[in-house]
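Engineer: Sequence and predicted structure below; questions after.
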Amino acid sequence: MPAPLLVLDLDGTLLDTAPDLLGALNTLLDQEGLPAVDRSAVKNNFGQGARALIVEGFRRADRPLPVEALEPLTDRFIALYAGRIADETRPFPGAIAALDRLSARGIRFAVCTNKRKHLALPLLDALGLAGRFDAVLGGDSLPVRKPHPDHLTGTIEAAGGVSSATVMVGDSDADVAAAHGAGVPVIGVTFGYTARPIAEFGPTATIDHFDAIDATLARISPAFEAALS
């Protein structure tokens, strides 16, 4: 039986990427002659991709945004974000200590994120985390992405895992839906970027801090219980 596999979402789950996303957005808005926005104004858009951030930034400035302008603006945003990919981004409190504890018990890790892979990999590398993961699949790695379950099952396969010994961790309805569709238990983190409380989406369990993940994994998955006992 393969070792237990913990599959983590990236933005809003493992990493607080909001500061660098906000920095890229405000640079773009400044280039367009628009006022900056603060984190609270777009806090529900960080996990929804570049387009959602741009649309909200323009909406708050009362600037009409023609459909044809969104693609080039998105390309510029991505370039700005790539240039500051890990300036202020940090793991959420307790995340690295949790990976250390779980790794010591033989648990392996993978990332399943809707972030483009060419951004996810340099981000993890810049933070010294890339080597911890047996697979990293982005939103452009497969023909589908979360909430489609094949994005998660494809990540499990790429990491050499099996669904029966896998748990997903995420902060959004897309993470929960993908896990349910793949038949995998899912832990929802309450500190992520979703506009609604994560519990409303029906995860198997929730945690408020990574300090609680060990006991939660042991409770919801026999494979993790055996590894952590």
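Structural biologist: Thanks, I have it.

Engineer: Can you give the domain ranges for this protein?
Structural biologist: When the chain is parsed with automatic domain parsing, its domains come out as 5-16+90-228, 18-82.

Engineer: So which residues of this protein form helices?
Structural biologist: Here the chain has its helices, by DSSP state H, at 18-31, 50-60, 67-82, 95-104, 117-126, 149-158, 173-182, 213-220, 222-228.

Engineer: just to revisit the earlier point, possible to save the domains of the chain as TSV with mean neighbour count and mean pLDDT?
Structural biologist: (Glycine included, C-beta is placed from N, CA and C.) Shown next, in TSV, are the domains of the chain (neighbours: other Cβ atoms under 10 Å; pLDDT from 0 to 100):
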stretch	mean neighbour count	mean pLDDT
domain 5-16+90-228	20	97
domain 18-82	16	93
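
Engineer: Now do the phi/psi pair for the spatially most distant residue from the centre of the chain.
Structural biologist: If you look at how far each residue of the chain sits from its centre, by Cα atoms, centre = their mean, the farthest one is Gly33, at 30.7 Å. Taking degrees, to the nearest 10, you get phi 70, psi 30 for the backbone angles of Gly33.

Engineer: Tell me the spacing between Arg116 and Gly170.
Structural biologist: For Arg116, the distance to Gly170 equals 17 Å [Cβ to Cβ, to the nearest Å].

Engineer: for Arg145, same thing?
Structural biologist: Arg145 is 13 Å from Gly170, by Cβ to Cβ.

Engineer: try Arg51
Structural biologist: Applying Cβ to Cβ to Arg51 and Gly170 gives a distance of 20 Å.

Engineer: One more: Leu217?
Structural biologist: Counting by Cβ to Cβ, the separation of Leu217 from Gly170 is 14 Å.

Engineer: same thing with Asp208?
Structural biologist: Looking at Asp208 against Gly170, where the rule is Cβ to Cβ, the gap reads 15 Å.
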